Each structure stands twice: as C-alpha cells, then as structure tokens.
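**Student:** requesting a structural model of the entry that follows:
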Amino acid sequence: MSDYKRRVAEYLRKSRSDDSTESVDQTLARHHQMLADHAARCDISVTKIYKEVVSGDGLFTRPQMIAMLSDIEKGCYTAVLCMDIDRLGRSSTKDSGIIMETLRDNDCMIITPEKVYDLSDEIDEMTVELKSFFARQELKAIRKRLKRGEVATLNAGGHTGAVPYGYKRIWIGKTPSLEEEPYQANIVKMIFAYYLNDGIGTYLIAQKLDTLGITAPGGGTWSRSSVRMILTNPIYKGDIIWNRTKTLKRKKPTDKYRQTNRNEDEWIVARGLHTAIISESDFNQAKELMSRRSSKTKFTGTIKNPFSGLMFCINCGKPIQRQLDNGRERLLCTTKGCTSSISMYIIYEMIKDMCRQIFQDYRFEPDNRVNEKAEILSSRIRSLNSRLTALSEQYGGLNDLLEQGVYDIPTFFERQKILGERIEAAKKEKDALTEELDQCIRSDKQTIVPTFDDMLRDWHMLDPARINAALKQLIGTIGYKRDSRLRKNSTFLLEIRWNI
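**Tutor:** Numbering: from 1, shown residues only. Below you'll find the predicted structure:
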C-alpha cells in the first residue's frame with residue numbers, strides 16, 4: 001500500500017450538478033458506494049467518513065469540512081477521497097484557498113476516481129487551481145440562471161420556495177403556484193379573526209391554538225412569533241414578495257446565521273396566481289393594529305435596556321428582554337409560559353435602591369482581600385501558562401516519535417487524544433481563572449467607588465447604555481422569576497451576583 005493510501009478521509013457532499021430528484025441521503029449513499037468500490041480496487045484504507053448533510057456554500061456553513069480540516073492539521077490523514085475537486089469547495093476564492101492550503105501544508109493528497117492530486121507538485125497544484133476556478137465560474141452562472149428563473153416565475157404570478165402554512169403546492173402549466181389547504185387555511189382565518197374581531201394579542205392567540213390541539217407550522221407548539229409571522233405575511237392577501245431579506249455570510253466559525261431586511265425599493269412584488277385567504281382590507285387592518293399595539297424592540301446600535309447582558313430567567317436561563325407595550329417598557333422571558341413579565345420601572349427602582357444600600361456598606365470596608373485574591377489568581381494563571389507550554393511541546397513532538405518508530409500508529413493516536421484533552425482542560429481552567437481575575441480587578445474600590453458615586457448621583461440623567469456599563473462593573477448576573485399565576489408586581493424574585 002502506498003504511503004498516501006494509509007490513512008484516508010472520505011468526504012461526501014451533494015452538489016447542484018447532482019440529480020435534483022434524489023434526496024441528500026440518496027445522493028451521498030450512491031457516492032459512498034462508488035468511492036468504496038474505487039477504494040477497494042486501489043487498496044485505499046478509509047479510516048473515517050465525513051458526510052455533509054446540511055446545505056451551504058460558505059466554508060463555515062459546512063461543519064463536517066471544518067472538522068475534517070481540523071483533523072488534517074492534527075496529522076490524522078494522508079489523503080482525502082472525494083467524488084471531484086468541486087466537492088471540496090467552489091463558493092469563493094478565499095474558502096478554496098483555506099482548504100487547499102490546509103491540504104498542501106499537511107502533505108495531504110486528494111484522491112478522486114478520475115485522478116490523484118499531489119498539491120506539492122506544481123502541475124497538480126495548477127490543475128487543482130484551474131478546476132476550482134472553473135467550478136466557481138460555473139457556480140456563479142448557475143446562481144444567475146436560478147435568479148433569472150425565480151424573477152420570471154414571480155413576474156408570472158408563480159411561487160417558488162417553501163410552501164407557506166395554509167397552502168399546498170400546485171402547478172399551473174409549468175408555473176409553480178399555491179392552492180389552499182382547507183384545514184390550515186381555516187386556522188389562518190381563525191388567527192386573523194381572533195386578532196381583528198376579538199382583540200386578542202399574539203401571545204394569547206398562541207395559547208388558544210395550543211389549547212385546541214392545533215399543531216404549529218413545522219410542528220410543535222405555537223409561539224408569539226409564529227402567530228406574528230402569519231399576521232404579517234402578504235402571501236395571505238394574494239401578493240408575493242421576493243428579495244425582502246438577505247443572508248449575511250458567515251466569515252468565521254463563531255459567526256451566527258443572520259438575516260437582514262432589504263430596503264423596500266429592493267423588493268420584488270407581484271400579484272400571485274394563487275387565491276387569497278385573507279382580504280386585503282383585513283390584512284392592512286391587522287398590520288395597522290399591530291403597529292399601534294406593541295412594537296418588537298430591535299437593536300439599532302444603541303443599548304436601550306439598562307439590564308442588557310445582565311438579567312436572565314431563573315427557570316430557563318434565557319436572557320430577559322425589554323419590550324414596549326403601548327409605550328410602556330416591560331421585561332419578559334421569551335420562553336412561552338415560563339415566567340410572567342414585569343414593569344421595567346419596578347426592577348429599575350429596586351436595583352437602584354439595592355445599589356445605594358450596598359454602596360453605603362461597601363465603601364468603608366477594607367479591600368486588602370481583593371489584592372490577595374488577585375495575586376493568588378495571577379500565580380495560578382502563570383502556573384497554567386507553563387503547563388500549557390510543556391503540553392504543547394509534547395503534542396508537537398508526537399510526529400517525531402511516530403517517524404522514529406518510538407510509537408506505532410495506534411499509540412500515536414491514543415497519545416494525541418490524551419494530550420489534546422489535557423490541553424483543552426488546561427485552557428478552560430485558564431479562561432475561568434482569567435475571568436475571575438478580571439472580576440476581582442473590576443471590584444477594586446479604586447474602580448468601584450467612583451462608579452457608584454457617579455451612577456447614584458446622576459442616575460436619572462444617565463441614558464440606558466451608561467447605566468448598563470456601570471451596572472456591569474458592579475453586578476455579574478441578575479436572576480429573575482415571577483409566578484405566572486400571580487399578577488401583582490410585588491410577587492417576583494431577584495437573585496443578584498455582585499462583583500464586589
């Protein structure tokens with residue numbers, strides 16, 4: 001067996017060029033069988049299979065690719081087996097560059113049924129770059145054709161994309177459209193009737209639907225947001241809007257999937273071929289009523305909640321959010337039925353009074369203990385830094401021991417796993433100690449006392465962002481809980497972890 005065939009990773013991913021009538025699982029199973037046959041013929045030893053079952057063109061939307069690249073950097077594989085070069089990546093020059101550099105820098109070959117590519121060879125490297133380039137151009141052309149097709153379908157009154165609740169897919173000639181699904185369409189009409197005729201809000205509508213045993217779109221229970229999505233979707237009055245949102249591409253693994261609304265002049269609006277479930281007048285009345293009743297708070301770059309990042313639900317652990325209700329500010333947990341909301345003013349005044357009382361007790365206490373604790377924490381962090389350096393050197397020397405024959409392959413992987421776990425544990429301990437040290441430093445009276453003085457003196461003149469910044473120096477977290485069966489503002493619990 002050739003050296004590059006010893007430890008091979010198999011990577012499976014469906015492409016747009018594959019049969020669209022096949023499911024992802026069917027396509028990947030067919031490709032796996034083809035690659036297994038090729039591996040058997042060529043005496044290739046596949047040690048692990050990475051199966052990409054999620055869609056996404058960007059590198060950081062493909063968790064299996066990220067995992068495989070990480071393992072390649074650890075020296076786990078000598079080659080990658082895949083159907084073709086474009087399966088590895090063709091979304092962007094940057095993404096392809098990261099993948100190919102990782103393979104080349106770690107002497108990892110690319111094996112396809114057509115050819116074996118050695119990226120340390122100039123000819124092979126150039127061939128791979130050319131294939132990746134043409135694959136990217138092909139992808140761009142496919143996207144343009146798809147977009148033109150979607151716009152043409154929309155202008156003809158057709159509907160593409162996921163079928164909305166209340167409808168089922170039909171075809172009018174070659175144009176995809178929608179037809180009412182009787183049961184779900186009646187639920188949509190019921191939601192609008194509750195909202196317009198009975199004056200019931202989205203939260204109570206969700207509760208009523210759950211009580212009636214009606215399943216929400218996508219399964220499960222209804223929520224305030226799922227009811228709101230139906231009340232604001234123009235598909236139900238017969239219109240189709242396309243290009244209303246855009247997805248922001250993830251640039252690093254820690255980025256979250258995000259969508260943002262486009263400006264209205266970028267929207268493409270057309271009258272659909274499908275039958276409207278709700279009249280245009282009822283839809284517009286619901287829209288106008290929603291704008292008057294309550295407004296969903298949005299982050300505009302300025303903090304409007306003085307407890308942002310501080311206040312959490314004791315029951316479920318989710319952040320407590322600020323909401324405007326007829327112009328009044330309330331704090332609530334977003335988990336339905338978890339704990340009741342409360343007026344922000346009540347919490348605001350209570351926190352202010354608690355700060356004032358603690359400040360009177362705290363400012364005259366000696367703070368020698370703060371300096372002693374900080375020194376102990378610093379010493380432990382220095383010790384962990386030395387330990388991490390030693391572990392990293394051991395980890396880096398594993399390859400040498402493998403090449404010298406001191407370790408066989410099973411022993412090599414076992415030691416690699418053990419050292420990796422020790423390094424990870426040491427890093428977590430260091431992070432925890434560093435955070436504790438930061439809190440200890442922030443609690444130093446030279447920092448805290450002026451903060452207290454400024455905040456309590458100018459409390460009513462400070463904006464929410466400045467109060468939030470001051471509170472974060474004084475408070476670690478605020479736990480909130482209120483019995484949903486009780487309605488008086490006095491019946492609630494606060495658990496505060498102070499930084500002092």
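
**Student:** mind checking what secondary structure Tyr50 has?
**Tutor:** State at Tyr50, reduced to three classes by DSSP: H, G, I helix; E, B strand; the rest coil: strand.

**Student:** err, Asn315, not the other one
**Tutor:** Remark: Asn315 carries the secondary structure label coil [criterion: three-state DSSP].

**Student:** what do you get for Ala270?
**Tutor:** Assigned with three-state DSSP, Ala270 falls in the strand class.

**Student:** wait, what's in contact with it?
**Tutor:** Ala270 is in contact with 154-155, 157, 239-240, 242, counting by CB atoms under 8 Å, 6 or more residues apart in numbering. Where you see a C-beta, it was placed from the backbone N, CA and C, and this is true even at glycine.

**Student:** any idea of the pLDDT on it?
**Tutor:** pLDDT recorded at Ala270 is 86.

**Student:** who does it bridge with?
**Tutor:** Counting by DSSP bridges, Ala270 forms beta bridges with Ile240.

**Student:** distance of it from Trp171?
**Tutor:** Ala270 sits 17 Å away from Trp171, going by CB to CB, to the nearest Å.

**Student:** again with Gln394
**Tutor:** Separation of Gln394 from Trp171 (CB to CB): 64 Å.

**Student:** the two: who's more crowded?
**Tutor:** Between Gln394 and Trp171, counted using other CB atoms under 10 Å, the more crowded position is Gln394 (15 against 10).

**Student:** without its sequence neighbours, what residue ends up closest to the more buried one?
**Tutor:** Counting by CB to CB, 6 or more residues apart in numbering, Gln394 lies nearest to Leu419, which is 5.7 Å off, once chain neighbours are set aside.

**Student:** residue contacts, Arg13?
**Tutor:** With contact set as CB under 8 Å, 6+ apart, Arg13 has these partners: 28, 52, 62, 64-65, 82, 87.

**Student:** what does it show for phi and psi?
**Tutor:** phi -160, psi 140 (degrees, to the nearest 10).

**Student:** give the bridge partners for it, please.
**Tutor:** Counting by DSSP bridges, Arg13 forms beta bridges with Glu52.

**Student:** how close does it sit to Arg30?
**Tutor:** Using CB to CB, Arg13 is found at 13 Å from Arg30.

**Student:** how about Ser177?
**Tutor:** Distance, Ser177 to Arg30, by CB to CB: 32 Å.

**Student:** next one: Thr389
**Tutor:** In terms of CB to CB, Thr389 sits 49 Å off from Arg30.

**Student:** also Lys428?
**Tutor:** From Lys428 to Arg30 the distance is 42 Å (CB to CB).

**Student:** also Ile496?
**Tutor:** For Ile496, the distance to Arg30 - CB to CB - is 58 Å.

**Student:** and if you look at Pro182?
**Tutor:** Using CB to CB, one obtains 39 Å as the distance from Pro182 to Arg30.

**Student:** and if you look at Leu212?
**Tutor:** Taking CB to CB as the measure, Leu212 and Arg30 are separated by 44 Å.

**Student:** which one of the two has more residues nearby?
**Tutor:** Higher neighbour count among Leu212 and Arg30: Arg30, with 15 against 10, using other CB under 10 Å.

**Student:** so what's that one closest to, chain neighbours aside?
**Tutor:** Glu22 is the one closest to Arg30 (CB to CB, 6+ apart), at 7.5 Å.

**Student:** next: Val163.
**Tutor:** Val163 sits nearest to Arg169 (CB to CB, 6+ apart), 5.2 Å away.

**Student:** OK, contacts around that neighbour?
**Tutor:** Shown in contact with Arg169 (CB under 8 Å, 6+ apart): 163, 176-179.

**Student:** host element of it?
**Tutor:** According to DSSP states H and E, Arg169 maps onto strand 167-172.

**Student:** just name the shakiest helix or strand of this protein by mean pLDDT.
**Tutor:** For the chain, using mean pLDDT, DSSP states H and E, the weakest element among its helices and strands is strand 294-295, scoring a mean of 52.

**Student:** can you show me the strands along the stretch 151-300 of the chain?
**Tutor:** Using DSSP state E, counting those that start in this stretch, the strands of the stretch 151-300 of the chain run over 167-172, 175-180, 239-242, 245-248, 258-261, 268-271, 294-295.

**Student:** so where is the stretch 301-450 of the chain shaky, pLDDT-wise?
**Tutor:** Across the stretch 301-450 of the chain, the ranges flagged by pLDDT under 70 are 301, 325-327, 358-374, 396, 398-410, 412, 439-450.

**Student:** which residues in it form strands?
**Tutor:** With DSSP E, counting those that start in this stretch as the criterion, the stretch 301-450 of the chain has strands spanning 311-313, 320-325, 328-333, 342-343.

**Student:** adding mean neighbour count, write those strands out as CSV.
**Tutor:** What follows is these, written out as CSV (neighbours: other CB atoms under 10 Å):
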stretch, mean neighbour count
strand 311-313, 21
strand 320-325, 18
strand 328-333, 19
strand 342-343, 16
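
**Student:** which of the ones you listed sits closest to Ser120?
**Tutor:** strand 311-313 (52.1 Å; CB to CB).

**Student:** who does the closest one touch, helix- and strand-wise?
**Tutor:** Where contact means 3 or more CB pairs under 8 Å, 6 or more residues apart in numbering; DSSP states H and E, strand 311-313 is packed against strand 320-325, strand 475-481.

**Student:** quick one, which of those gets closest to Lys304.
**Tutor:** Ranking the helices and strands packed on strand 311-313 by proximity to Lys304 (CB to CB) places strand 320-325 first, at 6.4 Å.
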